[in-house]
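Participant: Dropping the sequence and predicted coords here.
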Amino acid sequence: MDDVGNPQDENDFQPPEGLFFDELSRIKIIEPEKQNKTEKLGEECKAFIDQLDNFQGIVGGFVKLADKLGKGVEAEKMKAIGARAACDSLSKKRESEEQLLLSLIAEKRAQLERLEVEQDALQRVIQDQEGFISTHVMNK
């Protein structure tokens, strides 16, 4: 460089501080190394965003699948509740029928006892009448 700050040789030229030249001799305000790192970071960010979008798609699929399975489970749960209610109802109906039959059996037993007592009484009456007839007919 000469005394004024002009380069004596083209290869001696130093750009002012804060200005840089790339490989195509374009003026840049960021150091080429930082520019490369920035571009690499941008590419990594884009790749990360793509991966994140892919992940969100997968998670969305899992959520849809979980919702579908949850609805299926809920439907089966409602079927099971209905079946249990029907079973309980059938059980109560059978208990009611059993009680009805037991009371009918008790009523028939009581009727049988009354009829047996009545039969015994009628048997005694028949015996008494036959005895009376045989005694009076023989005495005549």
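Facilitator: The structure has been received and is ready for your questions.
Participant: Kindly provide the distance from residue 86 to residue 80.
Facilitator: According to C-beta to C-beta, to the nearest Å, residue 86 stands 11 Å off from residue 80. All C-beta atoms are positioned from the backbone trio N, CA, C, and that covers glycine.
Participant: so where's the chain uncertain?
Facilitator: Residue ranges of the chain with pLDDT under 70: 1-16, 18, 22, 140.
Participant: in it, which spans are helices?
Facilitator: Secondary structure of the chain (DSSP state H): helices at 32-139.
Participant: Quick check, central residue of it?
Facilitator: residue 73 (3.4 Å; C-alpha atoms, centre = their mean).
Participant: Look up how far residue 84 lies from that residue.
Facilitator: Using C-beta to C-beta, residue 73 is found at 16 Å from residue 84.
Participant: ditto for residue 118
Facilitator: 50 Å.
Participant: same question, residue 30
Facilitator: For residue 30, the distance to residue 84 - C-beta to C-beta - is 73 Å.
Participant: for residue 47, same thing?
Facilitator: For residue 47 relative to residue 84 (C-beta to C-beta), the value is 54 Å.
Participant: now do residue 128
Facilitator: To residue 84, residue 128 is 65 Å away according to C-beta to C-beta.
Participant: again with residue 40
Facilitator: To residue 84, residue 40 is 64 Å away according to C-beta to C-beta.
Participant: before we move on, what about residue 125?
Facilitator: On the measure of C-beta to C-beta, residue 125 and residue 84 end up 61 Å apart.
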